[in-house]
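# with the input below, show me the fold.
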Amino acid sequence: MKKIAPRTRKVRILATLGPASSNEDMIRKLYMAGADAFRLNMSHGGHEGHAKNVEIIRALEKEFLRPTTILADLQGPKLRVGTFEDGPVMLETGSGFVLDRDETPGNVLRVNLPHPEIFAALTPGSRLLLDDGKLVLRVQVVEETRIETIVEVGGVLSERKGVNVPDVVLPMAALTPKDRRDLSFAMEAGVDWIALSFVQRPEDLAEARKLMGGYGALLAKIEKPAAVTRLEEILEQADAVMVARGDLGVELPPYAVPPLQKQIVESARRLGKPVVVATQMLESMIKAPTPTRAEVSDVATAVYDGADAVMLSAETAAGDWPEEAVSMMNSIAHSVERDPGYFDRLHFTSTRPDPTTADALAEACKSITQTVSAAAIVCFTSSGNTVRRIARERAAAPILALTPRTDTARRMGLTWGVHAVRTKDIGSFEEMIGKAKRMALRHKLARGGDKIIVLAGVPFGTPGSTNVLHVASIRGDELKAHGED
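Numbers count the residues shown, from 1 in each chain. The predicted structure follows:
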């Protein structure tokens, strides 16, 4: 077993696995380059391949004694047109085009749309976006089995291309039969987070919660305009959110996405829910060994805004330079976090505490850290809730989360500034202080002469009882006394 130094970077890196990275050698390289968490995209690949990747990640976890986070991203409902009789068709701007329930292969005048929920929801004037928004249809007439449209933006349409419906909330379940199978597999495989795609309303999370039965944590992907209008309610129901800019950028004008990204990040931070910024962050690195300056600036903006994590998609899943993409994202984050103005920018977002003891102590951590120049904040936790509250305040010191629960330690891999360690629980105040010092030294988060802030709950081992904050000084003679716990 090996121990490697903790990440000094605060923002987390989530790397997607795929054909370019689904092997032991590349996953190790991504891990060593800076990946804190791995995404299994259930839209691609089979359960056998995903299970193998889980096995590889868990082996690395044991080798390096670092809890590592795995997120399973469910595909969600995919809306697509049917087939065409003679291949792709050219839809001319201004022409009429019909979508219907007839399963006969289509032509330049019509095509099958096998989604009754769309027929039920559309009204005249609504838009239909085809092939990632490349074609735009405006609805004229809606009947039970037929939708008549005018082509506003024409182009070539081939079979089974995607359909986006940005102007209405579709009356459809958030989980498809495939999603249910994938969710069952993910829980059996022992992943830590479940990502739910195409969330439109807070009720969409209820079915997944019921199926999960208290297992793991649930992340809501914000990629529909309808979700943005009910963002606060969705945040209340989810354990974390993702700014999924791909579909947001299809259903909304591109210029509308940056302010929405900031709104979602700010709202999530205010509620203390981890927030991931995703899609096309280093897109050019799919084929090139270096990113564009605009992409570097995009990643930097997410870090400056205080996102908990930034995600790589095709860059690591299918690109030619997966290791280099992670390394580049790691370097960008380090560069931003070394900026003397970084923490001033972070605190533009106000994070008012709830009227609880735990929130009051979490808020105090930030000011105490600054006043006494604390090297680390050490938090004893069972559920991870107090750690999440501390992370919300974005204190300058790293957060060392000590927990007896492996599942809690793994879930914290998407939380800003947290270094999680699974360790035995404590039974007394003296043991708490001694262990906090030893673990801070062992994990190289503090040195002799440093001060650390210690948080825990009394009685010890009781979830949700955080009520103690103590500032401890590490003496030089304690440097030798940090053996195994």
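# make sure I have this right: residue 38 is in a strand.
Yes: counting by DSSP: H, G, I helix; E, B strand; the rest coil, residue 38 is part of a strand.
# surely it is in contact with residue 15?
Yes: in terms of CB atoms under 8 Å, residue 38 counts as a neighbour of residue 15; the distance is 5.8 Å. Using the backbone N, CA and C atoms, a C-beta is placed for each residue, glycine as well.
# common neighbours of these two, please.
residue 30 (CB atoms under 8 Å, 6 or more residues apart in numbering).
# quick one: residue 474 from residue 74, how far?
According to CB to CB, to the nearest Å, residue 474 stands 45 Å off from residue 74.
# so who does the residue nearest in space to the middle of the chain touch?
The centroid of the chain falls nearest to residue 276 when counting by CA atoms, centre = their mean (3.8 Å). Residues near residue 276 by CB under 8 Å, 6+ apart: 14, 219, 240, 241, 242, 243, 307, 308, 309, 310, 311, 414.
# helix/strand/coil for it?
Following three-state DSSP, we place residue 276 in the strand state.
# helices of the stretch 151-300 of the chain, residue ranges please.
Along the stretch 151-300 of the chain, the segments classed as helices by DSSP state H, counting those that start in this stretch run 177-189, 204-212, 225-229, 231-237, 245-251, 257-271, 293-304.
# as CSV, these with mean pLDDT, distance to residue 29 and mean neighbour count would be great.
Output for those, formatted as CSV (pLDDT from 0 to 100; distance: least, CB to CB, whole Å; neighbours: other CB atoms under 10 Å):
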stretch, mean pLDDT, distance to residue 29, mean neighbour count
helix 177-189, 97, 22, 17
helix 204-212, 94, 32, 17
helix 225-229, 91, 35, 18
helix 231-237, 96, 35, 17
helix 245-251, 90, 26, 20
helix 257-271, 95, 29, 18
helix 293-304, 97, 20, 18
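# Serialize the ones you listed to JSON lines and add fields for distance to residue 116.
Output for the helices of the stretch 151-300 of the chain, formatted as JSON lines (distance: least, CB to CB, whole Å):
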{"stretch": "helix 177-189", "distance to residue 116": "16"}
{"stretch": "helix 204-212", "distance to residue 116": "19"}
{"stretch": "helix 225-229", "distance to residue 116": "19"}
{"stretch": "helix 231-237", "distance to residue 116": "26"}
{"stretch": "helix 245-251", "distance to residue 116": "21"}
{"stretch": "helix 257-271", "distance to residue 116": "30"}
{"stretch": "helix 293-304", "distance to residue 116": "39"}
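# quick one: which of these is nearest residue 138?
Closest approach to residue 138 among the helices of the stretch 151-300 of the chain is made by helix 245-251 (14.9 Å; CB to CB).
# what's around residue 327, how many residues?
For residue 327, the neighbour count with other CB atoms under 10 Å is 18.
# can you tell me the element it falls in?
Here residue 327, judged by DSSP states H and E, is contained in helix 322-337.
# what's the mean pLDDT across that helix?
Helix 322-337 shows a mean pLDDT of 98.
# that helix packs against which elements?
If you count contacts as 3 or more CB pairs under 8 Å, 6 or more residues apart in numbering; DSSP states H and E, helix 322-337 packs onto strand 12-17, helix 24-33, helix 293-304, strand 309-312, helix 314-317.
# of all these, which lies closest to residue 451?
Closest of the helices and strands packed on helix 322-337 to residue 451 is strand 12-17, at 25.9 Å (criterion: CB to CB).
# which strands border that closest one, and is each parallel or antiparallel?
Strand 12-17 has the following strand partners under DSSP bridges: strand 37-41 (parallel), strand 309-312 (parallel).
# circling back: to residue 348, which of the helices and strands packed on helix 322-337 lies closest?
It's helix 293-304; of the helices and strands packed on helix 322-337, that one is closest to residue 348 (CB to CB) at 9.3 Å.
# for the closest one, packing partners?
Against helix 293-304 (3+ CB pairs under 8 Å, 6+ apart) you get strand 309-312, helix 322-337, helix 342-346.
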